[in-house]
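Student: following is a predicted model, sequence given first.
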Amino acid sequence: QVQLVESGGGLVQAGGSLRLSCAASGSIFSINAMGWYRQAPGKQRELVASITSGGSTNYADSVKGRFTISRDNSKNTVYLQTNSLKPEDTAVYYCNADVIYYSGTYRRTNDYWGQGTQVTVSS
């Protein structure tokens, strides 16, 4: 039906930057909100940033001023620009999307997750 594929993770020194991408593909009619979550070892998954189809954004307090979320609706892709990275940003980053998709002659909605991409920030 629908797949989300993330890319852009890696190992970076503190103060560095990474740009994460997440592309949705499949029988997509439209995508409502998209977001990035992260999960560090031993911790719960937490919201990092989200963006509506109209471009309204929301950020976790811990990343405000350092991370920027954006999306390209024509490509069904969401991005996360991460700047001034800190060791505590180390986590697996997951993409999430609320998708309206085609199912036969119907349209259905479901929440989808990507497989995750590792971000490691060394001190």
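Tutor: Perfect, thanks for sending it.
Student: farthest from the middle of this structure: give me that residue.
Tutor: If you look at how far each residue of the chain sits from its centre, by CA atoms, centre = their mean, the farthest one is residue 105, at 29.5 Å.
Student: what's the first helix or strand after the helix or strand bottoming out on mean pLDDT in the chain?
Tutor: Ranking every helix and strand in the chain by mean pLDDT, DSSP states H and E puts strand 106-113 at the bottom, with a mean of 94. Beyond strand 106-113 in the direction of the C-terminus, DSSP states H and E gives the next helix or strand as strand 117-122.
Student: check which helices and strands that next one is in contact with.
Tutor: Packing partners of strand 117-122 (3 or more CB pairs under 8 Å, 6 or more residues apart in numbering; DSSP states H and E): strand 10-13, strand 18-26, strand 91-103. Any C-beta I mention is one placed from the backbone N, CA and C, and that applies to glycine too.
Student: contact partners of the first one?
Tutor: By that I understand strand 10-13. Applying CB atoms under 8 Å, 6 or more residues apart in numbering, the external contacts of strand 10-13 come out as 18, 85, 118-122.
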